[in-house]
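**Q** based on what follows, work out the 3D shape:
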Amino acid sequence: MAPSTLDWQGLGERLHAARRRQKLRSQDLAHRAGTSRMTISRLENTKKPQVTFDVIWRIAQVLQVSLDWLAGQVTEPAPAPTTPPKRPRSRKTAPVG
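**A** Have a look, this model is predicted:
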């Protein structure tokens with residue numbers, strides 16, 4: 001799957017299934033993820049809302065699933081990491097002399 005395309009229907013189905021597994025109402029998920037109930041509804045119903053990566057990240061964290069699973073890249077809903085991956089620091093050389 002190309003990075004610019006996303007299976008919105010699959011994402012909506014997985015989002016709905018994960019929310020039901022957690023026994024959350026859409027408004028509860030929205031509140032915990034810091035977004036609106038309308039955003040959750042539009043995602044579940046494949047309406048392609050104007051949503052940022054950060055919102056999808058928070059939804060995945062609340063539902064305890066990985067972004068890969070939510071996007072349909074893997075078949076098992078692995079737990080979401082608690083923090084975003086950090087970029088490696090560049091090493092500084094020791095002063096000479």
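
**Q** C-alpha only now, for contacts and for neighbours.
**A** OK.

**Q** list the buried residues of the host helix or strand of residue 13.
**A** Under the criterion of DSSP states H and E, residue 13 resides in helix 8-21. For helix 8-21, a neighbour-count test (16 or more other Cα atoms under 10 Å) marks 8, 10, 11, 12, 13, 14, 15, 16, 18, 19 as buried.

**Q** just stretch 20-29 next, same as before
**A** 26, 27, 29.

**Q** the second one sits in which helix or strand?
**A** Using DSSP H and E, residue 27 sits in helix 26-33.

**Q** what lies in contact with that helix?
**A** 19, 36, 37, 39, 40, 41, 55, 58, 59, 62 (Cα atoms under 8 Å, 6 or more residues apart in numbering).

**Q** so who does the second one touch?
**A** For residue 36, the contacting residues are 27, 30, by Cα under 8 Å, 6+ apart.

**Q** how about a cut-off of 6 Å?
**A** With contacts defined as Cα atoms under 6 Å, 6 or more residues apart in numbering, residue 36 is in contact with residue 30.

**Q** give me phi/psi at it?
**A** Main-chain torsions, residue 36, degrees, to the nearest 10: phi -100, psi 160.
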